[in-house]
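Engineer: Compute the structure for the input listed below.
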Amino acid sequence: MLTRIVIRWFINAVALFVAVRLLPGIEASTGGIIAVALILGLVNALIRPVLVFLTCPLIILTLGVFTLVINALMLQLAGSLGRTLGFDFYISGGFGTVFLGALVVSIVSFLLSLFFISETERGRG
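Structural biologist: A predicted model of the protein is given here:
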């Protein structure tokens, strides 16, 4: 269980690092990336399921595309919480930058999960 949490934290950190390197509107220190990766994991575990449930009709209506907006909101929330807690993580440029950042994080996380998380664990959630 603890190993799985650490692996997911590592995957989030690498995905955030890639987003910071690729997108000029996202800036962070190494410590900021590590902290926001942890915060993003907590936000995705605690708040994201509630948002998905509440917006289920909209997700169905848009054939799942609205989940990208939810991912962007989770990244924005994690970044804001990280800044509030004093970590060096900044997203500038508006919702477009956050949306692209969330898209990069989602793609990198998915690809890394294929390599680091076994098929049975991916099926569990």
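Engineer: use CA for all of it now, contacts and neighbours both
Structural biologist: Fine.
Engineer: Show me what the helix or strand hosting G41 packs onto, helices and strands only.
Structural biologist: Element membership of G41, judged by DSSP states H and E, is helix 30-46. On a contact count with 3 or more Cα pairs under 8 Å, 6 or more residues apart in numbering; DSSP states H and E, helix 30-46 meets helix 2-22, helix 66-84, strand 89-91.
Engineer: Specify the stretch among these that is closest to I117.
Structural biologist: For I117, the closest of these is helix 2-22, at 7.8 Å, according to Cα to Cα.
Engineer: for that closest one, the distance to its chain's centre please.
Structural biologist: Averaged C-alpha coordinates place helix 2-22 at 9 Å from its chain's average position (Cα atoms, centre = their mean, to the nearest Å).
Engineer: returning to what we had before: among the helices and strands packed on helix 30-46, which is nearest S109?
Structural biologist: helix 2-22 (5.7 Å).
Engineer: for the closest one, which positions count as buried?
Structural biologist: Under the neighbour-count criterion of 16 or more other Cα atoms under 10 Å, helix 2-22 has 7-17, 19-20 buried.
Engineer: related to what we said a few turns ago, just the buried residues of the helix holding G41, please?
Structural biologist: The neighbour-count criterion (16+ other Cα under 10 Å) identifies 32-41, 43-44 as the buried residues of helix 30-46.
Engineer: Pull that helix out as CSV, backbone CA atoms only.
Structural biologist: This file holds the C-alpha atoms of helix 30-46, laid out as CSV (Å, rounded to 0.1, in the frame of the first residue of the first chain):
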residue,chain,number,x,y,z
THR,A,30,12.2,21.2,-7.4
GLY,A,31,10.8,21.4,-3.8
GLY,A,32,7.6,23.0,-5.2
ILE,A,33,7.1,20.3,-7.7
ILE,A,34,7.5,17.6,-5.0
ALA,A,35,5.2,19.3,-2.6
VAL,A,36,2.5,20.1,-5.2
ALA,A,37,2.7,16.5,-6.5
LEU,A,38,1.8,15.3,-3.0
ILE,A,39,-1.0,17.9,-2.8
LEU,A,40,-2.3,17.0,-6.3
GLY,A,41,-2.5,13.3,-5.2
LEU,A,42,-4.5,14.3,-2.1
VAL,A,43,-6.8,16.6,-4.1
ASN,A,44,-7.3,13.9,-6.7
ALA,A,45,-8.1,11.4,-4.0
LEU,A,46,-10.4,13.5,-1.9
